[in-house]
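J.: sequence-free structure coming up:
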């Protein structure tokens, strides 16, 4: 530049520009700064050689160390799985009937089930397992069970699902629609009778007659339900799809029945065992009516 | 930077005429300068700035303090013995706490998050006791400083104690002041290398013992001691010992008074807390000045003061200062100069106390010929009394809190999702997570009762629903927290309300804790 000169008081060269009489000193960068800057360049070069750096079309350049964040994750996951292996083996070797006897193992199973529940079950049953009355997802905290509430029954339900077409052993039942089969007065009579079972309406003799003819086969003569067919108990305080007359009418005319996938296809038996333990621990779990003297020890296969 | 080729080098810069106004380059005193002066720019016509003459770095002069004996030196020996004994013996004291707690009297159990001190056990949530102790230590230092100056620095500070110890090692290996100074100057040869090697090995051993004793406070001392030498101790133990050995070796062996003068913040704080009423080590210049040797004083007794300029006070000083220059940051008030001066005064038959513990105010009074104030009057003044009052009040509050604290605690956290649950018989259930804390070193039976919830019953994750009742009993392991999932049911007509969990320990103490929490029910009942 043309106008470079040495600034007299400081002894430093100017950059050579002048704006309205204001000049700028070309003060050199501090050495420590400059060296740090050079070091960062060297660091960057070494980094590019060692680690993935340049984004290419489908993936980034691979560093000579072969490191990748996915690889690191896989490593950590496998380390975590290894750490759990002993506990999973233990769980695989214990029949679920005997699980409550081992409170430490049970506690770990519940904790593991809680984690698995958050991943697989909360979408329908809610994060607290409270279900949804409008959509008919059962509440898992209470003591009303459609298909049985002991550990083994819960495990079976999770493994095979409910009305899941791809599983031959799935829990299955079907309530026929009474649309057209009953006239309006008859339906009202049945609704009266059903509500009277839990004290919500006056008894209705005609309704009792219709109920006995059409419903008692599954729901039982007293409306106590039947777990072998997943028929809800109509005499308790819990209503899967609401206790209003309209809700009952809709359910009689065109029943909606819940579907749950069979998780045996997607989850390993140990995880299902943990899920069963967690659901059982939510507060409504039932004891076994009778536990076989020495339940068959079946070792679950591991994934 | 000045340009060497400046053509105006020989010009007279003292006055510059600019636009007909004479501008001088005489320095402007800050007392007379205008407020804008410090920010005025350096004009091109002004002479180049010169470097500041002072150096910010002062090279260390080795301190070779001379051996001395006297009351203060003996007191220093005593304090050194006591503090070192406390440091090394404490971890080995045993204290029986029963089978469920460690039997070490003083133990900072970081792994299990417990702090044991004889009969007291502190949990992490009670850390305010430790904070309180630290506050007491801080105010205690204020108290001591306002009363007797830097007594902490002079006698009890670890840096002082270890420096003292290392200086004794110097004397033991190399001889007294003059011999040590000679050896310092001597060229390196086999003899000097052997001597230094021997001395530094002793340094290293002391440092190792210092770092080694520290870790014994954090684990069972006999076990760790054994493990340490059989190479079974955890890595962190070796790392800690290594670091502390290194710091002791450098700080005690080599840096010594440099730590007090340059590194430690406490002398700076203390110099702000000292006033003319604090007892400090003072040279009574009104009595000592002008200094003169015995010979000179004999010739002209009227002219010279008591100080014979023998420099003994400087020779014995562990930080190498001259106390006759007045109070200064390097003085740790160890009073060894008093011992030295008193001895000289005795030898030459003059009264003791030319250098003495005195307040600056007393010195002034004495100089004017007034009688000296008694020591207790010096100590009992509002400032020390207020410090003592605050210090004592905090101590009493801590003791009170310690005496009345309970060893049981209950915390309750209600489930928020779902907030309540309808049961098939129409009753309403809420779930809670209870934490029962047992701070005694023995297992205890505890009873949890529901109060203020009509018809309320509970069961838990370990007690079945068929045994639901308004009170349940739990066995809480020694020195632990037991977590309980509690399911509380109330009849179908229950409404949302506050109720209480009451925890009662089933032993002679009958300690209780209550927690108010909420029972949620559907609005308007079901």
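T.: In hand now; what should we look at? In this text, all values refer to a predicted model and were calculated from it rather than measured experimentally.

J.: show me the contacts for residue 164.
T.: Using chain A here. A:170, A:259-262 (Cβ atoms under 8 Å, 6 or more residues apart in numbering or on different chains). Using the backbone N, CA and C atoms, a C-beta is placed for each residue, glycine as well.

J.: if you could check chain B rather than the one you did, that'd help
T.: B:76, B:80, B:318.

J.: tell me the helix or strand right after the one helix or strand the first one maps to.
T.: Assigning secondary structure by DSSP states H and E places residue B:76 in helix B:71-89. If you walk from helix B:71-89 toward the C-terminus, the next helix or strand you reach (DSSP H and E) is strand B:106-109.

J.: what sits up against whatever helix or strand comes next after that following strand?
T.: Beyond strand B:106-109 in the direction of the C-terminus, DSSP H and E gives the next helix or strand as strand B:114-117. With Cβ under 8 Å, 6+ apart as the test, strand B:114-117 has contacts from B:95, B:97, B:101-102, B:104-109, B:121-123, B:130, B:479.

J.: near chain B, which residues of chain A show up?
T.: Within chain A, the positions near chain B by Cβ under 8 Å from any Cβ of the partner chain are A:6, A:8-12, A:103, A:126-130, A:139, A:141-144, A:198, A:233, A:236-238, A:281, A:283-284, A:287.

J.: just curious, which of the contacts of strand B:114-117 is nearest to chain A?
T.: Taking Cβ to the nearest Cβ as the measure, chain A lies nearest residue B:479 of those, at 19.3 Å.

J.: distance of that closest one from residue B:440?
T.: Going from residue B:479 to residue B:440 by Cβ to Cβ, to the nearest Å gives 7 Å.

J.: shaky segments in chain B?
T.: Applying pLDDT under 70 to chain B flags residues B:1-44, B:47-56, B:524-526.

J.: how many neighbours does residue B:431 have?
T.: Residue B:431 has 22 neighbouring residues, counting by other Cβ atoms under 10 Å in any protein chain shown.

J.: quick check: what element follows the longest strand along chain A along the chain?
T.: In chain A, taking DSSP state E as the definition, the longest strand is strand A:14-19. As assigned by DSSP H and E, the chain's next helix or strand after strand A:14-19 is strand A:22-25.

J.: count the neighbours of residue A:17 for me.
T.: For residue A:17, using other Cβ under 10 Å, the count is 12.

J.: for it, which non-adjacent residue is spatially closest?
T.: residue A:24 (6.5 Å; Cβ to Cβ, 6 or more residues apart in numbering or on different chains).

J.: likewise residue A:29?
T.: Nearest to residue A:29 is residue A:37, by Cβ to Cβ, 6+ apart, at 7.9 Å.

J.: how much space is there between the nearest residue to residue A:179 once chain neighbours are set aside and chain B?
T.: Distances taken as Cβ to Cβ, 6+ apart put residue A:253 closest to residue A:179, at 4.4 Å, once the chain neighbours are dropped. For residue A:253, the distance to chain B (Cβ to the nearest Cβ, to the nearest Å) stands at 25 Å.

J.: residue A:253 contacts residue A:186, doesn't it?
T.: No - using Cβ atoms under 8 Å, residue A:253 is not in contact with residue A:186; the gap is 11.4 Å.

J.: give me the more crowded residue out of the two.
T.: residue A:186 (17 against 14).

J.: these two touch, right, the more buried one and residue A:208?
T.: No - if you go by Cβ under 8 Å, residue A:186 and residue A:208 don't touch, sitting 12.0 Å apart.

J.: could you give the number of residues near the nearest residue to residue B:285 once chain neighbours are set aside?
T.: Spatial nearest neighbour of residue B:285, excluding adjacent residues (Cβ to Cβ, 6+ apart): residue B:324 at 7.2 Å. Close neighbours of residue B:324, defined as other Cβ under 10 Å, add up to 21.

J.: helix, strand or coil for residue B:324?
T.: Judged by DSSP: H, G, I helix; E, B strand; the rest coil, the three-state class of residue B:324 is helix.

J.: list the contacts of it.
T.: So residue B:324 contacts B:283, B:285, B:288, B:307, B:313, B:355 (Cβ under 8 Å, 6+ apart).

J.: which of those fall in strands?
T.: Those of the contacts of residue B:324 lying in strands (DSSP E): B:283, B:355.

J.: who wins on neighbours among the contacts of residue B:164?
T.: Greatest neighbour count in the contacts of residue B:164, by other Cβ under 10 Å, goes to residue B:76: 23 neighbours.

J.: thought that one was touching residue B:151?
T.: No - using Cβ under 8 Å, residue B:76 is not in contact with residue B:151, being 11.2 Å away.

J.: who touches residue B:130 in this structure?
T.: Residue B:130 sits next to B:115, B:122 when contact means Cβ under 8 Å, 6+ apart.

J.: that one falls within a helix, correct?
T.: Yes - counting by three-state DSSP, residue B:130 is part of a helix.

J.: quick revisit: buried only: go through the residues of chain A next to chain B for me.
T.: A:9-10, A:126, A:128-130, A:139, A:141-144, A:198, A:233, A:236-238, A:281, A:283-284 (16 or more other Cβ atoms under 10 Å in any protein chain shown).

J.: as a check, name the ranges of all helices in the stretch 151-300 of chain A.
T.: Per DSSP state H, counting those that start in this stretch, the stretch 151-300 of chain A carries helices over the ranges A:151-160, A:184-197, A:205-214, A:216-219, A:245-253, A:269-281.

J.: JSON lines for those helices, including distance to residue A:174?
T.: Compiled in JSON lines, those are given as follows (distance: least, Cβ to Cβ, whole Å):
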{"stretch": "helix A:151-160", "distance to residue A:174": "16"}
{"stretch": "helix A:184-197", "distance to residue A:174": "19"}
{"stretch": "helix A:205-214", "distance to residue A:174": "14"}
{"stretch": "helix A:216-219", "distance to residue A:174": "10"}
{"stretch": "helix A:245-253", "distance to residue A:174": "13"}
{"stretch": "helix A:269-281", "distance to residue A:174": "25"}
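
J.: most tightly surrounded among those?
T.: Mean neighbours per residue, mean count of other Cβ atoms under 10 Å in any protein chain shown, is largest over the helices of the stretch 151-300 of chain A for helix A:269-281, with a mean of 24.

J.: to which secondary structure element is residue B:454 assigned?
T.: Following DSSP H and E, there is no helix or strand that holds residue B:454.

J.: neighbours of it, how many?
T.: By the criterion of other Cβ under 10 Å, residue B:454 has 11 neighbours.
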